[in-house]
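Chemist: After the sequence you'll find the predicted model.
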Amino acid sequence: MKALYFAWVREKTGCSVEDVTLPKGVGTVAELIEWQMGRGGGYAEAFGDAKSIRVAVNQTHVGTAHPVADGDEVAFFPPVTGGTP
Amino acid sequence: MKALYFAWVREKTGCSVEDVTLPKGVGTVAELIEWQMGRGGGYAEAFGDAKSIRVAVNQTHVGTAHPVADGDEVAFFPPVTGGTP
Amino acid sequence: MIRVQLEDFDVGTELAKLSDGNLGVGGVCSFVGLVRDMTKDGKIGAMTLEHYPGMTEKALADIDAEAHSRWPLQASLIIHRYGRLEPGDRIVLVAAASAHREAAFEACHFLIDYLKTRAPFWKLEQTGTGGKWVDARDDDDAAARRWHSVNKAAE
Amino acid sequence: MIRVQLEDFDVGTELAKLSDGNLGVGGVCSFVGLVRDMTKDGKIGAMTLEHYPGMTEKALADIDAEAHSRWPLQASLIIHRYGRLEPGDRIVLVAAASAHREAAFEACHFLIDYLKTRAPFWKLEQTGTGGKWVDARDDDDAAARRWHSVNKAAE
């Protein structure tokens, strides 16, 4: 699985892109976030406030119940703030 | 009083601008329209359907009860159709 | 700012002027009206826009002032052409600049709706069978009326 | 049409393209978003817009397609910049062209509201005390949600 991080999630994890082998028992977005928190350090900090994290699987916004699998591109980021006032 | 005519009102009366001496007893827009109808010919035709005529006194839209006086600029025209679809 | 003119206008230049030197502008909403080649009565070749010089400028200035009294605008613009126009030609440009987009959208929409029922312009369409004065549309009156109950937009 | 780019864009040229060669277009509504020098947290010097290449294009294309499915549009446009921007710079241009003005206004408004909650862009503001990631606004969510109940505009 390919993991991408943007904005302050990227800054806290210190990583833009990485290859992640899905651990056993991780089959949904919620389980993946929980696993990220368990990695400690910047990851624990980035994923500590899970309500502020948005997730896209294969470039589509998804909810926390969405499945994840090897081969997916999973992106983690804050709520978007494009556009203009 | 200066009378101005626009669009199909102008075409029917055959006149763009004319000086009109207000006849005795004509003190409102409604009375002026009635007098215009009585002039016959193109005027009778233009003012025959009084509901389709809009009036501006001194360049401001007014209703038929509005007073008119010598020295006024009174314009007669159809409902406006500027702008765009 | 209001302008009534024969000539075409440059939309990019006009819109840029609305925010030039004003770093408080967050958004500019604009509407450009164009001559279509087809109306409900069929194909048209060209049209001529007659107007009432003097009253036109007064009516547009009043509409513009009304928009500023209702919404927190940094700038606004109405440009309306008159004379002979062909399909594809620009007729009118209205625009509103504000700190926030809601005010810009509402004010711009208001400008064009009010203009259509208040500004003294009349369209003569050249059809295959001669000229025809365009009738006013009831839904334009309805569009303008809806703003009577709108007081002031939330920012 | 959608575009994601570093460079500025020419609003007049882009809007003209929406109706060029299409004489059925009666109106083009557009919105230009600009960088302000002031936010609720104070004065800013510049900002950097980060985005998610690939997903951004996909999200904008989806929003654009949704607008076409809801309103009778002849053409539409979304251009969004990324990278470093200064106060007064253009950030985004959205536009919708239709035979009638109501559809153009509603679709244009929809495009910017949806873009703000769906397109993966993030703003980092440079303030006097360093960089600060801009928080999403609740009222942007509310603005996007209001379109959920809008089915299809009257022409």
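Modeler: Everything's here; your move.

Chemist: Let's verify C:H109: helix, strand, or coil?
Modeler: Using DSSP: H, G, I helix; E, B strand; the rest coil, the three-state assignment for C:H109 comes out as helix.

Chemist: in the longest helix along chain A, what's buried?
Modeler: Secondary structure of chain A per DSSP state H: the longest helix is helix A:29-38. Residues of helix A:29-38 classed as buried by neighbour count (16 or more other Cβ atoms under 10 Å in any protein chain shown): A:V29, A:A30, A:E31, A:L32, A:I33, A:W35, A:Q36. From N, CA and C alone the C-beta is placed, and that goes for glycine too.

Chemist: The second one and A:V62, how far apart?
Modeler: When you say that, I think you mean A:A30. Distance, A:A30 to A:V62, by Cβ to Cβ, to the nearest Å: 11 Å.

Chemist: related to what we said a few turns ago, out of the buried residues of helix A:29-38, the closest to chain C would be?
Modeler: Nearest to chain C among the buried residues of helix A:29-38: A:V29, at 31.8 Å, using Cβ to the nearest Cβ.

Chemist: next one: phi and psi at the residue of chain C at minimum distance from chain D?
Modeler: Nearest residue of chain C to chain D (Cβ to the nearest Cβ) works out as C:G12 at 2.5 Å. Backbone dihedrals for C:G12, given as degrees, to the nearest 10, come out at phi -60, psi -40.

Chemist: Report how many residues lie close to it.
Modeler: Neighbours of C:G12 under the rule other Cβ atoms under 10 Å in any protein chain shown: 17.

Chemist: try the one 5 residues further on
Modeler: The local packing of C:K17 (other Cβ under 10 Å) involves 14 other residues.

Chemist: Repeat that for A:P79.
Modeler: So A:P79, with other Cβ under 10 Å, has 18 neighbours.

Chemist: Would you check that my belief about it contacting D:A136 is correct?
Modeler: Yes - the criterion here is Cβ atoms under 8 Å, and A:P79 meets it with D:A136 at 3.4 Å.

Chemist: hey, what's in contact with both of the two?
Modeler: D:T117 (Cβ atoms under 8 Å, 6 or more residues apart in numbering or on different chains).

Chemist: ok, back up a step: dump the buried residues of helix A:29-38 to a markdown table, plus distance to chain C and pLDDT.
Modeler: As requested, the buried residues of helix A:29-38 are exported to a markdown table (distance: Cβ to the nearest Cβ, whole Å; pLDDT from 0 to 100):
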| residue | distance to chain C | pLDDT |
| --- | --- | --- |
| A:V29 | 32 | 97 |
| A:A30 | 35 | 95 |
| A:E31 | 39 | 96 |
| A:L32 | 35 | 96 |
| A:I33 | 33 | 96 |
| A:W35 | 40 | 96 |
| A:Q36 | 35 | 96 |
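
Chemist: Now do the residue lying closest to C:A96 once chain neighbours are set aside, the pLDDT please.
Modeler: What sits nearest to C:A96 in space, not counting adjacent residues and going by Cβ to Cβ, 6 or more residues apart in numbering or on different chains, is C:A107, at 3.8 Å. You'll see C:A107 listed with a pLDDT of 98.

Chemist: How about A:G83?
Modeler: Among the per-residue scores, A:G83 holds a pLDDT of 80.

Chemist: and the gap between it and C:G45?
Modeler: For A:G83, the distance to C:G45 - Cβ to Cβ - is 42 Å.

Chemist: Which one's more surrounded, the two?
Modeler: A:G83 (25 against 11).

Chemist: Distance check, that one against D:H51.
Modeler: Relative to D:H51, and taking Cβ to Cβ, A:G83 is found at 12 Å.

Chemist: Touching both of these two, which residues are there?
Modeler: With Cβ under 8 Å, 6+ apart, A:G83 and D:H51 have common neighbours D:H80, D:A119, D:F121.

Chemist: which among those residues gets closest to chain A?
Modeler: Using Cβ to the nearest Cβ, those come closest to chain A at D:F121, 2.8 Å.

Chemist: Quick check, the residue nearest to C:A96 in contact with C:C29.
Modeler: Yes - assessed by Cβ under 8 Å, C:A107 is found in contact with C:C29 at 7.5 Å.

Chemist: Show me what the spatially most central residue of chain A is bridged to.
Modeler: What sits nearest the mean C-alpha location of chain A, by Cα atoms, centre = their mean, is A:F76, with 3.2 Å. Beta bridges link A:F76 to A:Y5, A:V55, judged by DSSP bridges.

Chemist: Quick one: residues contacting it.
Modeler: A:A3, A:L4, A:Y5, A:F6, A:V9, A:I33, A:Q36, A:A46, A:F47, A:I53, A:R54, A:V55.

Chemist: Greatest separation within the residues you listed: which pair is it?
Modeler: A:F6 and A:I33 (15.1 Å; Cβ to Cβ).
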